[in-house]
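**Q** sequence and predicted model, in that order:
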Amino acid sequence: MEKSCTLLIYYDKGTPAIANEIKEALEGNDVSAKIDALKNAIMLLLNGETLPQLFITIIRYVLTSEDHTVQKLLLLFLETIEKTDSKGKVLPEMILICQNLRNNLQHPNEYIRGVTLRFLSRLRETEVMEPLIPSVLQNLEHRHPFVRRNAILAIMSIYKLPQGDQLLIDAPETIEKVLATEQDPSAKRNAFLMLFNCDQDRAVNYLLTNVDRVSEWNELLQMVVLELIKKVCRTKPSEKGKYIKIIIALLSAPSSAVTYECAGTLVSLSSAPTAIRAAANTYCQLLLSQSDNNVKLIVLDRLNELKASHREIMVEMIMDVLRVVQTLKKEVVKTQSGELEKNGDYRQMLVQAIHACAVKFPEVASAVVHLLMDFLGDTNVASALDVAVFVREIIESNPKLRVSIITRLLDTFYQIRAAKVFPFTLWIVGEYCLSLSEVESGIATIKQCLGEMPFYSASEEAESNDSSNKTPQNTSAIVSSRRPAILSDGTYATQSAASETVFSPSTVAQGSLASGNLRSLILTGDFFLGAVVACTLTKLVLRLEDVQSSKTEINKVKTQILLIMVCMLQLGQSHVVPHSIDPDSYERIVLCIKLICHTSDEMKKIWLESCRQSFVKMLSEKQLRELEELKAKAQISNAQPDDLIDFFHLKSRKGMSLLELEDQVQDDLKRATGEFTKDENDANKLNRILQLTGFSDPVYAEAYVTVHHYDIVLDVTIINRTKETLQNLCLELATMGDLKLVERPQNYTLAPESKKKIKANIKVSSTETGVIFGNIVYETSNVMERNVVVLNDIHIDIMDYISPAVCSDSAFRSMWAEFEWENKVAVNTMIQDEKEFLDHIINSTNMKCLTPTSVLEGECGFLSANLYAKSVFGEDALVNVSIEKQSDEKLSGYIRIRSKTQGIALSLGDKITLKQKGKSS
């Protein structure tokens with residue numbers, strides 16, 4: 001079970017202090033040594049040590065110290081130690097410090113008084129607090145505000161004790177008088193907070209009495225006022241009209257924190273159009289006034305939430321939001337300065353944000369696309385790759401920009417250094433260079449980047465052969481490492497990870513850098529890139545035949561390109577490069593040579609038209625999927641298919657403002673459409689009730705399990721089925737997995753045939769299947785021995801913590817290569833249809849299929865799909881399903897699960913193993 005903690009301090013466990021050394025330092029006369037010893041003792045206590053031998057030493061040698069730092073550390077030590085024994089009774093040693101605490105509360109120094117009062121506000125032991133109450137009350141009239149504000153908190157803490165209202169009967173009345181006369185903002189805030197927690201009616205009365213002055217109050221007090229309004233309106237929804245007026249008044253407060261909280265409170269209390277519009281306006285003003293990007297991101301999240309439920313109102317705010325988006329362009333330019341620590345990652349995020357905005361609002365694409373193309377040569381490969389993907393999508397969706405984008409791309413082509421970026425840019429050049437000048441410029445640019453042919457000379461090959469017999473030296477620009485990778489169709493391949501941003505002169509080709517960036521990469525053995533270059537040149541030659549009238553010029557260009565391809569093949573079969581050309585790249589280049597030499601109309605159509613048509617289809621399917629997701633989110637069951645008409649003009653106004661009328665109408669509509677009650681009649685709640693004992697047991701118990709994001713609440717109903725009184729009845733629970741009990745179990749007395757409801761809170765720290773087990777222990781008057789009833793185990797399902805999520809294909813591959821935990825589950829099912837099995841796995845695991853539906857269409861006897869989900873703790877769960885139909889109509893294959901943590905991989909694998917059989921399970 002976890003203990004409550006009021007103090008957190010970082011502690012380096014590498015050099016733990018020894019208890020004997022701490023004791024010797026405390027017994028000495030050196031004040032600095034005592035301070036260090038107390039700090040070490042506190043850190044040891046916070047990390048689970050007990051140190052019972054130090055308590056008497058501290059009372060003898062530290063309690064009497066006059067040093068302020070020692071006194072403060074003493075109070076922190078007393079705050080940290082265990083003050084009760086195993087039965088919950090206060091330790092006798094704690095009584096010894098009561099006189100010292102009373103002296104501190106009457107100390108002439110205000111700092112000693114204040115820190116002592118702060119210590120008392122964290123005590124929960126009534127026996128220690130009771131004799132100190134008169135001294136605490138006297139400090140309410142102290143001259144220094146530091147003492148008064150801590151005295152108020154101490155009184156609130158005492159009043160909130162189990163019998164605190166008996167110890168301080170008139171505490172709310174006393175604090176109300178203090179609130180009326182107090183001038184210090186912090187003390188006034190603490191006083192109002194005390195009334196808010198201990199006597200809500202007095203707090204509401206004070207608020208309504210001073211409603212005209214709320215906008216003049218300090219921001220600390222205004223924040224507590226907003227908390228009070230939220231609490232009151234939850235319990236008394238009918239009275240929220242008068243409180244909304246206060247919120248509207250606070251929207252113009254000078255504090256940004258107050259206005260942000262006001263907007264959030266307004267949205268949570270009212271769905272009236274005027275209220276939502278006011279909240280959206282406030283968020284937009286915060287976007288424009290705040291310079292911190294973190295604040296802007298938080299506010300944008302709130303606006304995004306508003307858009308989901310009040311889209312028609314957010315349409316009016318679109319220009320205000322776009323003003324903020326314009327700053328993204330300036331932020332991208334800032335990242336070039338190199339002042340920020342993670343400029344590359346930040347730039348990548350900005351590029352992704354601009355990409356999303358440009359796709360949704362094509363008219364703004366022209367303002368940013370040319371700026372972003374400067375980053376195609378970025379040293380951050382991921383950022384440059386995102387720019388390339390962005391340009392590829394924009395050039396297809398914006399025909400007006402194609403000529404300017406091609407011109408700019410060919411100008412910046414020489415700056416590109418990443419091998420992963422070249423395939424995208426080369427594809428763009430091959431597909432969108434349409435005019436004669438563009439085709440000629442494209443061919444000339446690629447030829448210049450490749451340099452003079454051949455790639456190596458005979459003397460260089462001889463030198464390479466000689467050097468291969470000697471000790472090899474690491475002089476290449478790229479160091480390759482091979483690891484398994486997942487392709488877009490879900491199958492495995494071997495990929496080479498290489499440093500693609502820094503190049504050094506290679507001994508195999510003198511002057512390769514000066515000759516061109518493409519030449520440098522091909523000379524390091526990247527023949528996949530060589531195949532892409534060959535395909536691009538082939539497309540340009542085929543298009544040149546359509547736009548160039550001179551056959552002589554066409555044949556001249558063909559000859560030059562054939563020379564380049566032959567030199568690539570020659571290079572791939574030589575000893576100059578680190579490894580030989582792979583068969584796929586070899587076949588691709590040979591196909592390009594054959595096509596240039598023997599062109600047919602059918603092949604020409606496939607190369608020049610079909611490829612772009614596939615890309616257009618991919619974009620349209622992507623947009624369709626996004627549109628379907630938006631429609632699915634926007635589906636709200638209304639009573640009528642048409643828009644509802646507000647008849648608030650016919651309602652009795654009774655002096656209410658327009659906002660109050662709108663809010664009242666909205667509430668009426670929600671009641672009429674069942675929005676207020678739809679959660680109460682959820683039939684699935686019955687599935688959460690678990691029987692813990694048998695019907696024949698003397699004590700019957702059942703639990704209702706509620707799973708929140710970070711904790712589990714067990715509502716356990718216990719029924720005494722006997723004719724005897726059960727004494728010291730205790731529900732003892734234990735956990736297995738990353739589950740921890742939060743509260744100490746209590747003892748109860750249960751009358752004959754009566755029942756008791758007990759709540760147990762369990763903290764969840766990670767996504768892992770956990771088990772809760774335990775027993776009920778009780779005593780009867782006849783038998784002195786304790787009786788035990790063993791409870792059934794409660795299994796916590798991993799499905800309660802994960803939800804479907806979406807990520808890009810590149811992000812999926814990157815995480816798949818990075819995550820180290822893999823769980824491989826063999827397919828064992830009675831289902832015979834591949835798609836049916838995939839749907840069954842998706843429903844069983846609560847995951848999202850990232851593979852488009854169009855890819856899964858058709859009958860080929862093989863299916864591969866990628867699934868993705870995210871846990872409430874931010875953990876990623878990746879699944880790849882690869883199955884094949886055998887000759888006997890049965891399915892075989894594997895389901896691979898990868899995650900960053902072991903728990904989610906194992907738990908998800910167990911879930912799939914249990915559920916995958918389908919019809920037979």
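**A** Yes, it's here.
**Q** domains for this protein, by residue range?
**A** By the record's domain assignment, the chain is partitioned as 433-456+515-599, 687-796, 800-916 (the TED database).
**Q** ok, which of the ones you listed comes nearest residue 97?
**A** domain 687-796 (23.7 Å; Cβ to Cβ). Using the backbone N, CA and C atoms, a C-beta is placed for each residue, glycine as well.
**Q** mean confidence for the closest one?
**A** On average, the pLDDT along domain 687-796 is 84.
**Q** ok, residue 599 touching residue 539?
**A** No. Under the criterion of Cβ atoms under 8 Å, residue 599 is not in contact with residue 539, lying 11.9 Å apart.
**Q** follow-up on the earlier one: mind putting the domains of the chain in CSV, distance to residue 354 included?
**A** Output for these, formatted as CSV (distance: least, Cβ to Cβ, whole Å):
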stretch, distance to residue 354
domain 433-456+515-599, 25
domain 687-796, 32
domain 800-916, 15
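**Q** need the ones you listed in CSV (columns: mean neighbour count and distance to residue 130).
**A** What follows is the domains of the chain, written out as CSV (neighbours: other Cβ atoms under 10 Å; distance: least, Cβ to Cβ, whole Å):
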stretch, mean neighbour count, distance to residue 130
domain 433-456+515-599, 18, 80
domain 687-796, 16, 22
domain 800-916, 17, 43
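**Q** quick one: closest of these to residue 221.
**A** So among those, domain 687-796 is nearest, using Cβ to Cβ, at 30.5 Å.
**Q** so which of the domains of the chain comes closest to residue 70?
**A** Of all these, domain 687-796 comes closest under Cβ to Cβ, at 32.4 Å.
**Q** tell me which residues are up against stretch 708-723.
**A** With contact meaning Cβ atoms under 8 Å, 6 or more residues apart in numbering, stretch 708-723 is reached by 692, 697-706, 726, 729, 731, 733, 739, 742, 750-764, 772, 776, 780, 794, 796, 872-873.
**Q** among the residues you listed, which lie within strands?
**A** 699-706, 726, 729, 731, 733, 739, 750, 755-764, 772, 776, 794, 796 (DSSP state E).
**Q** run the chain-centre distance for the helix or strand hosting residue 533.
**A** In this structure, residue 533 sits in helix 527-547 according to DSSP states H and E. Computed by Cα atoms, centre = their mean, to the nearest Å, the chain-centroid distance of helix 527-547 equals 43 Å.
**Q** mind giving me the packing neighbours of the helix or strand where residue 262 lies?
**A** With secondary structure defined by DSSP H and E, residue 262 is part of helix 256-269. The contact analysis (3 or more Cβ pairs under 8 Å, 6 or more residues apart in numbering; DSSP states H and E) places helix 256-269 against helix 219-235, helix 240-250, helix 273-289, helix 293-309.
**Q** quick one: end-to-end length of stretch 59-70, please.
**A** 12 Å (Cα to Cα, to the nearest Å).
**Q** contact partners of it?
**A** Contact with stretch 59-70 is made by 26-27, 31, 34-35, 38, 71, 74, 93, 96-97, 100, 109, 111-112, as judged by Cβ under 8 Å, 6+ apart.
**Q** re the thing from before, possible to save the helices and strands packed on helix 256-269 as a markdown table with mean neighbour count and distance to residue 844?
**A** Listed next are those as a markdown table, based on neighbours: other Cβ under 10 Å; distance: least, Cβ to Cβ, whole Å:
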| stretch | mean neighbour count | distance to residue 844 |
| --- | --- | --- |
| helix 219-235 | 18 | 37 |
| helix 240-250 | 19 | 43 |
| helix 273-289 | 19 | 39 |
| helix 293-309 | 15 | 28 |
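**Q** dump those into JSON lines; add distance to residue 868 and mean pLDDT as well.
**A** Formatted as JSON lines, the helices and strands packed on helix 256-269 follow (distance: least, Cβ to Cβ, whole Å; pLDDT from 0 to 100):
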{"stretch": "helix 219-235", "distance to residue 868": "36", "mean pLDDT": "88"}
{"stretch": "helix 240-250", "distance to residue 868": "40", "mean pLDDT": "84"}
{"stretch": "helix 273-289", "distance to residue 868": "31", "mean pLDDT": "85"}
{"stretch": "helix 293-309", "distance to residue 868": "21", "mean pLDDT": "81"}
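**Q** let me know which of those helices is the nearest to residue 142.
**A** Nearest of the helices and strands packed on helix 256-269 to residue 142, taken as Cβ to Cβ: helix 219-235 at 20.0 Å.
**Q** report the angle between that closest one and helix 240-250.
**A** Here helix 219-235 runs at an angle of 160 degrees relative to helix 240-250 (axes from the mean of the first three to the mean of the last three Cα atoms, to 10 degrees).
**Q** centre of the chain to helix 219-235, how far?
**A** Its chain's C-alpha centre and that of helix 219-235 lie 28 Å apart, by Cα atoms, centre = their mean.
**Q** quick one: contacts of it?
**A** Against helix 219-235 from outside (Cβ under 8 Å, 6+ apart): 185-186, 188-189, 192-193, 196, 200, 203-204, 207, 214, 217, 239-240, 243, 246-247, 250, 253-255, 257-258, 261-262, 265, 268-269.
**Q** good, we can wrap up now.
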